[in-house]
Each structure stands twice: as C-alpha cells, then as structure tokens.
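S.K.: generate a structure from the sequence data that follows.
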Amino acid sequence: MIIHLYALCWNEERMLPYFFKHYDKIVDKYYIFDNNSTDNSYTILKSHPNVITNKIDLRGDSMVEAAKDQYNLIWKQSRGIADWVIVCNVDEHFYHPDFRNYLEECTANDITLIMPIAYEMISEVFPSNDKLLCETIRHGAREKKMDKPEIFNPTEIQEINFIPGRHYAYPIGNVRMPESREVLLLHYKYLGLDYVNKRHLELKTRIRETDFAHGYGYQYFMSEQARREKFLKLKNEAAKVV
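M.R.: This is a model prediction of the structure:
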C-alpha cells in the first residue's frame, strides 16, 4: 500500500519536526509546496529524504481561494500510483492506533474516502520535547467544522472540490465512506496562548482584499483578549481524546 501526503507550507519551522515525527510511520512520500517561507521551513523540507518540495507563489487577491485551488489540484499526480492521499495542513495530525492497517481494511472493503472526527487540541505551552504530540498533548475540544474529508483514494475520486478553508468538499467519483468513523483529526493550533497570538499575527499579514471581504481568516483579526477567551473556552471544554 502506498500513501502520499500533500501540504502547503508557510513559516512552519516550529511544527514541521512534529509533523514528520507523526507521519513518517504512515506516509511513503510527501509532496510539500513551500509558499515563500521566510523562516527555516524550506531547509527542513529539503533535508527530509522522503519529501519532494517545490516553491509555490500563491497569486491573486485571495490567499484562501488560491490555497484551495492548489489543494484541489496537487494530489492528482498520485492518481494510479498511490492507494491513498492525505491532503492537509502542517498542524493537522490524523490519528488511528493502527493507521496503515486501517486503510488497508478500507481498501479491501472498497472504501474510498475518510471523514474524520476532529478536535482542537490544547496545551498550556508549546511543546519543548521531541515526542509525538499525540503522546504528550492528549486533551482537546470537539470541533465539528474541522471534520475535513482529507483522506481519499486518488484514483477513485475524480475531483475532491474543497471549498475555501477545506472544511467541506463536494467529491465526484466513486465516493464510498465507512459506516463508522474511526480516524481522528487532531488540530494542533492552540499550543499555548503565546504561540496562538504569534501565529495569528503572522497569518494576519497573509490576508488579502477578497479574503477580508468574504470573512476568510477572520480569526486572525481577533483581539488578544478575544483570543484569550477562545483559548480558555476550549480549555474548559477539553477532554482526553487520545
């Protein structure tokens, strides 16, 4: 079984080591498109033996739309080669206790698309060790809008048709999902309030005219107090997930 992972990357040097540590036992080949990172991200990507990386310049008056268009396209090069593709952000960790065997069972049962159960994972501070995040940050709050259909068979799915933000999709092709959902999407964004504040301010600089007009990336314009309140709300709602 061959699994490919596709992601866009911009200034993710803090998350990339955890991203690779999580997926290296799952993924056979990474295709990462770096959008002009100004930190050490591109160097990290180039140093990984199983990463094929390219520079990409997302143009236009909407960063969110441009990213969506890329995510709807880039995985197609795995058609007829990979059994499964994962199309995700660097801070999205799909989890199953026996992931590869689970996908093999899905293939045997003619399943072609996985809809995960998503959680906003939360911790007081950004991790300072080299362990898997799912081993050290195990509490999260349920977030239904993060149930992203980002794992699918690239040959059976003709078009995935993500909407902006990829919180939903309109796949075309032989779409068959399992009756029960076993895969979790662990979204590692709220890793300490300091990290949230810094990352939101970074991403705010990426928002363009059409993004602003449509409310894309609205969360990056929240006040520091609003971000603190959201963080505390998630912390209060969090329960053990893994």
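
S.K.: tell me where this structure has helices.
M.R.: For the chain, the helices defined by DSSP state H cover 16-23, 41-47, 63-71, 99-108, 133-136, 193-204, 209-214, 224-237.

S.K.: okay, buried residues for the fourth one please.
M.R.: Of the residues in helix 99-108, those with enough neighbours to count as buried (16 or more other Cβ atoms under 10 Å) are 99, 102, 103, 106. For every residue, glycine as well, the C-beta is placed using N, CA and C.

S.K.: redo the helices of the chain as a markdown table? Include distance to residue 178 and mean pLDDT.
M.R.: Converted to a markdown table, the helices of the chain look like this (distance: least, Cβ to Cβ, whole Å; pLDDT from 0 to 100):
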| stretch | distance to residue 178 | mean pLDDT |
| --- | --- | --- |
| helix 16-23 | 21 | 98 |
| helix 41-47 | 32 | 97 |
| helix 63-71 | 23 | 95 |
| helix 99-108 | 6 | 98 |
| helix 133-136 | 21 | 97 |
| helix 193-204 | 33 | 96 |
| helix 209-214 | 33 | 92 |
| helix 224-237 | 27 | 96 |
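
S.K.: and the gap between residue 242 and residue 22?
M.R.: Noted for residue 242: a distance of 12 Å to residue 22, by Cβ to Cβ, to the nearest Å.

S.K.: between the two, point out the one with more neighbours.
M.R.: residue 22 (20 against 17; other Cβ atoms under 10 Å).

S.K.: list the contacts of residue 99.
M.R.: 26, 183 (Cβ atoms under 8 Å, 6 or more residues apart in numbering).

S.K.: residues making contact with the lowest-mean-pLDDT helix or strand in the chain?
M.R.: Of all helical and strand segments in the chain, the minimum by mean pLDDT, DSSP states H and E falls on helix 209-214, at a mean of 92. With contacts defined as Cβ under 8 Å, 6+ apart, helix 209-214 is touched by 60, 61, 62, 63, 64, 65, 164, 216, 217.

S.K.: try 10 Å
M.R.: 60-66, 164, 216-218, 220-221 (Cβ atoms under 10 Å, 6 or more residues apart in numbering).

S.K.: which of those residues are buried, as a ChimeraX select command?
M.R.: Per 16+ other Cβ under 10 Å, the buried members of the contacts of helix 209-214 correspond to this ChimeraX selection:
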select :62,63,64,65,66,164,216,217,220
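
S.K.: ok, the contacts of helix 209-214 vs residue 17, which is closest?
M.R.: When the contacts of helix 209-214 are ranked by distance to residue 17 (Cβ to Cβ), residue 220 comes first, at 24.0 Å.

S.K.: what's the closest non-adjacent residue to residue 79?
M.R.: Distances taken as Cβ to Cβ, 6 or more residues apart in numbering place residue 154 nearest to residue 79, at 4.7 Å, with adjacent residues excluded.

S.K.: what sits against the one you found?
M.R.: Contacts of residue 154 by Cβ under 10 Å, 6+ apart are 4, 6, 75-85, 87, 112, 160, 173.

S.K.: contacting residues for the residue nearest the centre of the chain?
M.R.: Central residue of the chain (Cα atoms, centre = their mean): residue 89, 2.7 Å from the mean position. Taking Cβ under 10 Å, 6+ apart, we find residue 89 in contact with 7-9, 12, 15, 19, 67, 71, 148, 150, 166, 187-189.
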